[in-house]
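Participant: model this:
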Amino acid sequence: MPGIDLSIPHSLDPSEAVTRIKKLVDSVRSQFADKISNVTEEWKGNAGQFAFKVMGLDISGNVNVGPSQVRIKANLPFAAIPFKGRIESTILTKAKELLS
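Facilitator: Numbering: from 1, shown residues only. Got it, this is the predicted structure:
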């Protein structure tokens, strides 16, 4: 299965970065409730796993927050391959805003 593997630098305390990411997930869940379903997330310290369904496509992955970077890995269904570049660009833009 194709995927995304991104590293986003940050200068936050890792616990603050995790808090911000969790708030973003809650915001996205409520803002896009009509497009996103089956949202799950589980955190163990600075490592999180997520899964959701968008437009009938299952997306899953993990987030690892380190002292100076956040690493996001996600599996994409083959139907999402044409949108991979746009998805990566959007994640990078939003993550940089969130972690600045």
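Participant: run the chain-centre distance for the lengthiest helix in the chain.
Facilitator: For the chain, the helix that runs over the most residues, judged by DSSP state H, is helix 14-31. Relative to its chain's centre, helix 14-31 lies at 10 Å (C-alpha atoms, centre = their mean, to the nearest Å).
Participant: what are the ranges of the helices in the chain?
Facilitator: Using DSSP H, helices in the chain cover 14-31, 84-99.
Participant: now for the residue nearest to the spatial centre of the chain: which residues touch it?
Facilitator: With the centre of the chain defined as its mean C-alpha position, the nearest residue by C-alpha atoms, centre = their mean is residue 72, 6.2 Å away. Counting by C-beta atoms under 8 Å, 6 or more residues apart in numbering, residue 72 makes contact with 4-8, 61-63, 91, 95. From N, CA and C alone the C-beta is placed, and that goes for glycine too.
Participant: could you do residue 87 as well?
Facilitator: The contact partners of residue 87, taken as C-beta under 8 Å, 6+ apart, are 4, 76, 80.
Participant: make it 10 Å
Facilitator: 4, 6, 59, 74, 76, 80-81 (C-beta atoms under 10 Å, 6 or more residues apart in numbering).
Participant: residue 78 against residue 2, yeah?
Facilitator: Yes. Contact criterion C-beta atoms under 10 Å: residue 78 and residue 2 qualify, at 6.7 Å.
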